[in-house]
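> Structural data only, the sequence is not supplied:
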């Protein structure tokens, strides 16, 4: 894995990937990860801590993290699995399913397969998903534009 694009904040065990970077092999990191805009992962992305994808990030494989925020206009060709909460921001596309051990928040115009949450699922605006499965509540809100 190319490491010249990655910086690490030791105190918080957070890795930071510069925007417009690319990785042609699977990325597995022990810690938290913040990914800059327009970054491409050509395979799976696995993080043991929290994950924050900025805008327009592309992941050709699947994503696995303790918790995740998927940035606007990002595309994930696989699915997303989190141990805790997962937030998917405006116009993001997940070709696979979203499975969360906590709550899921879906912002307007996202696309995904089945959304399965151990907690609540909150949908704001229109979401294009195959099915919503929440162990607690499904909360629908109008798009507040």
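Right, received. Where do you want to start? Small disclaimer: the values here were computed from a predicted structure and weren't measured.
> Bridged to the residue most central in space within the chain, which residues?
Nearest residue to the geometric centre of the chain (C-alpha atoms, centre = their mean): residue 70, 3.4 Å. Bridge pairing for residue 70 (DSSP bridges) gives the partners residue 88.
> Hmm, it is touching residue 82, no?
No - contact criterion C-beta atoms under 8 Å: residue 70 and residue 82 do not qualify, at 10.1 Å. For the C-beta atoms, the positions are set from N, CA and C on the backbone; glycine is no exception.
> residue contacts, the residue nearest to the centre of the chain?
Residues in contact with residue 70 (C-beta atoms under 8 Å, 6 or more residues apart in numbering) are 53, 57, 63, 76, 80, 86, 87, 88, 89, 92, 94.
> what's the overlap in contacts for residue 70 and residue 82?
In contact with both residue 70 and residue 82: no residue, using C-beta under 8 Å, 6+ apart.
> Show the model's pLDDT score for residue 4.
We have a pLDDT of 77 for residue 4.
> Poorly predicted segments of this protein, please.
Low-confidence segments of the chain (pLDDT under 70): 1-3, 144-145.
> just the helices in it please.
Under the criterion DSSP state H, the chain carries no helices.
> Not including adjacent chain positions, what is the nearest residue to residue 79?
residue 96 (2.9 Å; C-beta to C-beta, 6 or more residues apart in numbering).
> I'd guessed that neighbour sits against residue 80; true?
Yes - with contact defined as C-beta under 8 Å, residue 96 and residue 80 form a contacting pair (7.3 Å).
> joint contacts of these two?
residue 62.
> Going by how many neighbours each has, rank these two and give me the top one.
Neighbour count, other C-beta atoms under 10 Å: between residue 96 and residue 80, residue 80 has more, with 27 against 17.
> Hmm, residue 59 and that one touching each other?
No - the pair residue 80 and residue 59 fails to qualify as a contact (C-beta under 8 Å) at a distance of 9.1 Å.
> List the contacts of the residue nearest to residue 79.
62, 76, 77, 78, 79, 80, 112, 113.
> again, 6 Å this time
78, 79, 113 (C-beta atoms under 6 Å, 6 or more residues apart in numbering).
> and if you look at residue 142?
Contacts of residue 142 (C-beta under 6 Å, 6+ apart): none.
> and with 8 Å instead?
124, 125.
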